[in-house]
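Colleague: Just a sequence and a predicted model for now, questions to come.
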Amino acid sequence: MRNITTDFLVIGSGVSGLRAAVELARRGKVIVVTKDIPTESSTEYAQGGVAVALSDEDEVGIHFEDTIKAGDGLCREEAVKALVEEGPERILELIEWGAEFDKEGTKLAFTIEAAHSRRRILHAHGDSTGKELERVLINKIKSFKTIRRMQFSTAVDLIIEDGRCSGAYVLKDGEIITICAKSTLLATGGAGQVFSRTTNPAVVTGDGMAIAYRAGAVLEDMEFVQFHPTVLFAPAAPQFLLSEAMRGEGAIIRNIFKETFMKNYHPDAELAPRDVVSRAIISEMVRTNNSHVYLDLTHRDSEFIKKRFPRIYSTCLRYDLNITKDLIPVSPAAHYMMGGVKTGLNGATSIRGLYAAGEVACTGVHGANRLASNSLLEGLVYGYRAGVAAATEESGVQKGTVPDLRAKGSEAVESGLSPMGSNPSNFRSSELEEVRTSLRRIMWERVGIIRCGESLNTAMESLSRWSNILDMDFNTRRGLELKNMLTVAFMITESALARKGSVGAHYRSDFKERGEDWQRHISVKKKMDLE
Ligand code: SIN
């Protein structure tokens, strides 16, 4: 097994991983591993923007209040405080590094999204905000000779010695490499691919959450999954996000009979919180016996639409939908994980030497429901914080002592599966893909926007049929992803069963009220012990 030693290891190359890498690179050698090309992450696809209290009409305190309100009673106030107070500095610094946010005249242009009481969302190239952040941060890390990037490299598991994390086993070109580091930072993003309908790119399979779980880290708030209300629903078209910023600019949601309905569900109508809009759409789909509703921006000037939403306009046009003239068929999809690997305010997890930042982490900043466009800001603020803290970690590298991941011996089979451990199996690639598809469908149908005890128990039964996969060692990315998706699916379902009440994005039709002790956080640790 090849062995590489570095000072710091970052797993993931979205906004939080890259922002952390900048801080780490100032203090030592960094390796950034990413399982695809570096730009393939949720950051790259983030449209709407980045929320920050920088406009003349806004204040940090108002951004704080809006975030707390959206989080529905479960935000950690000190985490929100750090986010909103440090956000402006992180954004101004990014502008200094070359970020070009859209402007009105000479001033930054701010838009509005659901549950924001001020126009505070910066955007770039209309609807390609994440892509702009990624561009600037990749350029920035290229300026450091101390950063080495390893693409098409999949983290398999963390190296844990005496309860401390000292790096990770990484699969590259069919070979397992041991990367030893003083500190390791997870920045692998969320887990949207666990659901069959999702806005997340194919790489987002909950890897960081699963490997942290296997290493014994504490995860928290896993029942809180945010569903985005307006995602393209057209034959042969991808599950493409239609940014909430469209509703911010006046888009209306109509049912299949072209009737508006959001006012019947919430006084803020189209700009009600995301969970409310998603459930309203599902209710309307059931009431009208149809699989989608429509998003309508046709009343706005067509030149404005093309300029403000160029990526959405051109993507929809490829599927014969002209958003300046046509109603766009949409339905909700899984979008963002509020829960994840539990961290403190500097990204430290419950395992020494292991840090996490961004969507993989749960700082408590989003509570039970994330305020729209707070996630890119979180990536910048907490990526920075985790980077600074991880950089000062005392050495945990114990050269020559790292156990060989495959020491128990394994034999690769045709599928790329190495059936070692307690459950040898003869899975083939096609079976692997079948399980992946079924798992995603079960999660969408049974653990989706509206859940109940019966649907969650049915999901648990179905997932349990595949629990032997959790003990298998894979030597392909697809195999590892399936194991990780199953691990995360169990954590979400168990936590959703444990929360007998409806809070934020977690809605149970059998417990519509908040329930007893609703402000507790549900933790998950290996063996799925709920604390
Ligand atoms: C959107 O553009 O609607 C997504 C923004 C977000 O989820 O924060």
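Modeller: Cool, got the structure.

Colleague: What is the longest helix along the chain packed up against?
Modeller: The residue-count maximum for a helix in the chain (DSSP state H) belongs to helix 477-498. Applying 3 or more Cβ pairs under 8 Å, 6 or more residues apart in numbering; DSSP states H and E, we find helix 477-498 packed against strand 153-161, helix 207-214, helix 429-446, helix 453-464, strand 473-474, strand 523-525, strand 529-530. To be clear about C-beta, it is placed using only N, CA and C from the backbone, and glycine gets the same treatment.

Colleague: Could you export the longest one as PDB, CA atoms only?
Modeller: In other words, helix 429-446. Extracted in PDB, the C-alpha atoms of helix 429-446 (Å, rounded to 0.1, in the frame of the first residue of the first chain):
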ATOM      1  CA  SER A 429     -22.300  -4.300 -10.800                       C
ATOM      2  CA  SER A 430     -25.900  -4.600 -12.100                       C
ATOM      3  CA  GLU A 431     -27.100  -5.600  -8.600                       C
ATOM      4  CA  LEU A 432     -25.200  -2.700  -7.100                       C
ATOM      5  CA  GLU A 433     -27.000  -0.300  -9.400                       C
ATOM      6  CA  GLU A 434     -30.400  -2.000  -8.700                       C
ATOM      7  CA  VAL A 435     -29.900  -1.500  -4.900                       C
ATOM      8  CA  ARG A 436     -28.800   2.100  -5.500                       C
ATOM      9  CA  THR A 437     -32.000   2.800  -7.500                       C
ATOM     10  CA  SER A 438     -34.300   1.100  -5.100                       C
ATOM     11  CA  LEU A 439     -32.700   2.800  -2.000                       C
ATOM     12  CA  ARG A 440     -33.100   6.200  -3.600                       C
ATOM     13  CA  ARG A 441     -36.700   5.500  -4.500                       C
ATOM     14  CA  ILE A 442     -37.600   4.200  -1.000                       C
ATOM     15  CA  MET A 443     -36.000   7.300   0.600                       C
ATOM     16  CA  TRP A 444     -37.900   9.600  -1.600                       C
ATOM     17  CA  GLU A 445     -41.300   7.900  -1.200                       C
ATOM     18  CA  ARG A 446     -41.000   6.900   2.500                       C
END
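
Colleague: Name the residues of it that are buried.
Modeller: Buried residues in helix 429-446, counted by 16 or more other Cβ atoms under 10 Å: Leu432, Val435, Arg436, Leu439, Arg440, Ile442, Met443, Trp444, Arg446.

Colleague: between those, which is nearest the ligand?
Modeller: The nearest member of the buried residues of helix 429-446 to the ligand, counting by Cβ to the nearest ligand atom, is Trp444 at 18.6 Å.

Colleague: Now for that closest one: which residues touch it?
Modeller: Contacts for Trp444 (Cβ atoms under 8 Å, 6 or more residues apart in numbering) come out as Phe195, Ser196, Arg197, Ala334.

Colleague: distance of the closest residue to it other than its chain neighbours from Arg446?
Modeller: Nearest residue to Trp444 in three dimensions, chain neighbours excluded: Ser196, at 4.3 Å (Cβ to Cβ, 6 or more residues apart in numbering). Separation of Ser196 from Arg446 (Cβ to Cβ, to the nearest Å): 11 Å.

Colleague: lowest-confidence helix or strand of this protein?
Modeller: In the chain, no helix or strand scores lower on mean pLDDT, DSSP states H and E than strand 417-418, which sits at a mean of 38.

Colleague: I'd assumed Val231 was in contact with Pro329.
Modeller: No - with contact defined as Cβ atoms under 8 Å, Pro329 does not count as touching Val231 (10.0 Å).

Colleague: between the two, which one's more packed in?
Modeller: The neighbour count for Pro329 versus Val231, taken as other Cβ atoms under 10 Å, is higher for Val231 (24 against 21).

Colleague: Can you list the neighbours in contact with stretch 503-510?
Modeller: Outside of stretch 503-510, the residues within contact range by Cβ under 8 Å, 6+ apart are 71-74, 223-227, 274-275, 279, 338, 367-369, 449-454, 496, 499-502, 514-515, 518.

Colleague: Please repeat the previous calculation with a cut-off of 7 Å.
Modeller: Stretch 503-510 is contacted from outside by 71-74, 223-227, 275, 279, 338, 367-369, 449-453, 496, 499, 501-502, 514, 518, using Cβ atoms under 7 Å, 6 or more residues apart in numbering.

Colleague: just stretch 236-254 next, same as before
Modeller: With contacts defined as Cβ under 7 Å, 6+ apart, stretch 236-254 is touched by 47-49, 111-114, 121, 123, 127, 197-199, 228, 230-232, 260, 262, 270-271, 281, 293-297, 300, 308-309, 312, 315, 319, 327-328, 330, 333, 372.

Colleague: Tell me which of the residues you listed fall in helices.
Modeller: If you go by DSSP H, the contacts of stretch 236-254 have Ile281, Arg308, Ile312, Thr315 in helices.

Colleague: Does the first one touch Pro229 like I think?
Modeller: Yes - the pair Ile281 / Pro229 is scored as a contact, 5.5 Å apart, by Cβ atoms under 7 Å.

Colleague: who's more crowded, those two?
Modeller: With neighbours defined as other Cβ under 10 Å, Ile281 and Pro229 compare such that Pro229 has more, 30 against 24.

Colleague: ok, now which ones touch that one?
Modeller: Residues counted as contacts of Pro229 (Cβ under 7 Å, 6+ apart) are Arg274, Val277, Ser278, Ile281, Pro332.

Colleague: Ok, His266 next?
Modeller: Neighbour list for His266: Ala272, Val276 [criterion: Cβ under 7 Å, 6+ apart].

Colleague: how close does it sit to Val277?
Modeller: The gap separating His266 from Val277 is 8 Å, by Cβ to Cβ.

Colleague: Look at whichever residue of the chain sits closest to the ligand and say how many residues are nearby.
Modeller: Of all residues in the chain, Gly48 sits closest to the ligand, at 2.4 Å by Cβ to the nearest ligand atom. Neighbours of Gly48 under the rule other Cβ under 10 Å: 24.

Colleague: Equivalent analysis for Ser117, please.
Modeller: For Ser117, using other Cβ under 10 Å, the count is 13.

Colleague: Distance check, it against Ala51.
Modeller: As judged by Cβ to Cβ, Ser117 and Ala51 stand 12 Å apart.

Colleague: now Ile179
Modeller: Between Ile179 and Ala51 the computed distance is 35 Å (Cβ to Cβ).

Colleague: and if you look at Thr67?
Modeller: Distance from Thr67 to Ala51, by Cβ to Cβ: 8 Å.

Colleague: for Ala498, same thing?
Modeller: For Ala498, the distance to Ala51 (Cβ to Cβ) stands at 31 Å.

Colleague: Give me the more crowded residue out of those two.
Modeller: Set Ala498 next to Ala51 and count neighbours by other Cβ under 10 Å: Ala51 wins out with 31 against 16.
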